[in-house]
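**Q** Return atomic coordinates for the entry below.
(one chain, ligands or ions: 1)
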Amino acid sequence: MARGLLGIEELERPEIEEILDRAVAFQAHGGATFAKVNTSTGKMVVNAFFENSTRTRSSFEIAAKRLGADTLAITASGSSVSKGESLVDTLNTLVAMRPSAIVMRHKASGAPHFLSRYLTTPIVNAGDGTHEHPTQALLDARTILDRCGRLEGLRVTIIGDIQHSRVARSNVHLLSRFGVDIVLCGPPSLLPREMAQIASGVTLEYDMRRAVRGADVIMMLRVQLERIHEPAMQAGEYFRFYGLRQEHIELANPDVIVMHPGPMNRGMEISSEVADSQRSMVLNQVENGVPVRMAVLERVLLQ
Ligand code: CP
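**A** From the prediction side, this is the model:
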């Protein structure tokens, strides 16, 4: 089977390090944009997004073009999926046009894993349901490394809707390989006890003030209202107990950085004061999406 990237769970630490190191070569500096390196000229990348996206979809497209590859974008609403065509038929149709790789986002957990068993074209998972979002975890790690210089020994607190978060799962898999002290925090309805078993080094904390104490990194997660049918808390109540505010920053490590994969619900999981502060890495994360996805695509396209 051709090597794609389905999840962080399948990667060994040296493979993660290789991607993160390679991404450095693609980072932009000063006012420049990302360099065009053309290592993948003649390749074709299909971006098949069956669920909405701004950051992931656009950065995969920029990444492929910066590598010199051609790109084709498919969305659910603009394709024959909206006429009832099955996922397998849609993917087989795309494969018949001989792409070099398919980048895929889908609302069903495991959809890219299922398809990868039948297709010869490598698949890069751009987020599958509540399961994994591997390139988000990689760009998060690159952002932490850029700012903190290391992962080992850091205390990373991830707060919010853990239950529905593919970002949290991929980050836990990645950070646990580097000896990070991982604290998961959220209301009991969104933080199932089994999350502590995903990987070593994970502790659960339901009290936000205790969770942020001594944190080097605070990673906030979006409350995924589209996946919650009966919310246990209204927005105002959620913000009171689990919304990140300046008072929480003062309990953390003095150099703490704040992260959020986006899109943010301001006033629900994070205050604008914190989201727009000097500690916020939100736009650094977005920026690192391009070099990290260049490194991932290059690894897939040049095998
Ligand atoms: N972080 C993230 O996956 O954002 P998008 O949904 O905009 O791609």
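**Q** How about residue 122: what's its closest non-neighbour residue?
**A** residue 4 (3.6 Å; Cβ to Cβ, 6 or more residues apart in numbering). Bear in mind the C-beta positions are built from the backbone N, C-alpha and C, glycine included.
**Q** Tell me the confidence at the residue lying farthest from the centre of the chain?
**A** Farthest-out residue of the chain from its mean C-alpha position, per Cα atoms, centre = their mean: residue 83, at 29.8 Å. Residue 83 is assigned 92 on the pLDDT scale.
**Q** Same question for the one 5 residues further on.
**A** Looking at residue 88, its pLDDT is 92.
**Q** ok, it touching residue 118?
**A** Yes. Counting by Cβ atoms under 8 Å, residue 88 does reach residue 118; the two are 7.2 Å apart.
**Q** contact partners of the helix or strand containing residue 204?
**A** According to DSSP states H and E, residue 204 maps onto strand 202-205. Residues outside strand 202-205 that contact it (Cβ atoms under 8 Å, 6 or more residues apart in numbering): 157, 172, 176, 181-185, 191, 193, 195-196, 211.
**Q** Which one of those residues is nearest to residue 293?
**A** Closest approach between the contacts of strand 202-205 and residue 293, by Cβ to Cβ: residue 172, at 20.8 Å.
**Q** check contacts around the closest one.
**A** When contacts are counted by Cβ under 8 Å, 6+ apart, residue 172 touches 158, 182, 184, 195, 198-199, 202.
**Q** Mind checking which of those residues are in strands?
**A** Secondary structure defined by DSSP state E assigns 158, 182, 184, 202 of these to strands.
**Q** follow-up on the earlier one: any chance of the contacts of residue 172 in TSV with pLDDT, distance to the ligand and neighbour count as columns?
**A** Converted to TSV, the contacts of residue 172 look like this (pLDDT from 0 to 100; distance: Cβ to the nearest ligand atom, whole Å; neighbours: other Cβ atoms under 10 Å):
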residue	pLDDT	distance to the ligand	neighbour count
158	98	14	28
182	98	19	26
184	98	18	27
195	90	20	21
198	89	20	16
199	90	21	19
202	97	21	18
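**Q** Tell me how far residue 258 lies from residue 217.
**A** The gap separating residue 258 from residue 217 is 8 Å, by Cβ to Cβ, to the nearest Å.
**Q** More neighbours: the two, which one.
**A** For residue 258 versus residue 217, neighbours defined as other Cβ atoms under 10 Å are more numerous around residue 217 (27 against 22).
**Q** Would you check that my belief about the more buried one contacting residue 148 is correct?
**A** Yes. Between residue 217 and residue 148 a contact is recorded at 7.3 Å, counting by Cβ under 8 Å.
**Q** shared neighbours, those two?
**A** Common neighbours of residue 217 and residue 148 (Cβ under 8 Å, 6+ apart) are 154, 257.
**Q** Note down every partner strand of the strand holding residue 204 and its orientation.
**A** strand 181-185 (parallel) (DSSP bridges).
**Q** gap between the partner strand and the chain center?
**A** Here the centre of strand 181-185 is set off from its chain's centre by 17 Å, with Cα atoms, centre = their mean, to the nearest Å.
**Q** what's in contact with it?
**A** 153-160, 162, 168, 171-172, 175-176, 191, 195-196, 199, 201-208, 211-212, 215, 242.
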